[in-house]
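**Student:** got a sequence here, can you build the structure:
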Amino acid sequence: MIIVYGGKGRQFCDCYSMAGADALARLVESIPLGSKDRVKAERDLITRSATVEIDDDGRIVLPGPVREKLGITPEMIKDGVEAALAGATDRFSLWRGDAYRDVFGDDDDDDDGEDALAVVGRYTKVG
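**Tutor:** The predicted structure follows:
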């Protein structure tokens, strides 16, 4: 798995499968070489990423830069810091639990009364 921890304004890290990370790299490669956007994308999405292994029990060890990004201290780990995982179609985001609640509240169900399948149905089908 690849954990992307770049981007100063982000309070979270995005986690990709190897295939997902390869797809992300292809998107970055589509940006003109040497352009400001390409340099930023390479720095925040490629350079500031780490490969991690998932052990037989489904656990990962977060590298130092990822812990630093999330603001996780050794004391918090000893106290059992809570994590929040937010799923997406091609990745999931890893947050410190309290930071996630600060952004999305205790109930992140932003239900405006419209069914999510109806929203998806408005867009052109892919494939």
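
**Student:** beta-bridge partners for the residue nearest to residue 63 when sequence neighbours are not counted, please?
**Tutor:** Nearest-residue entry for residue 63: residue 50, 4.5 Å, with adjacent residues in sequence omitted and distances by Cβ to Cβ, 6 or more residues apart in numbering. Bear in mind the C-beta positions are built from the backbone N, C-alpha and C, glycine included. On the basis of DSSP bridges, residue 50 is bridged to residue 3.

**Student:** my guess is residue 50 meets residue 66, correct?
**Tutor:** Yes: counting by Cβ atoms under 8 Å, residue 50 does reach residue 66; the two are 6.3 Å apart.

**Student:** more crowded one of these two?
**Tutor:** Ranked by neighbour count (other Cβ atoms under 10 Å), residue 50 and residue 66 place residue 66 first, with 21 against 15.

**Student:** for that one, which three-state class applies?
**Tutor:** Using DSSP: H, G, I helix; E, B strand; the rest coil, the structure places residue 66 in helix.

**Student:** who are the contact partners of it?
**Tutor:** Counting by Cβ atoms under 8 Å, 6 or more residues apart in numbering, residue 66 makes contact with 3, 5, 13, 50, 94.
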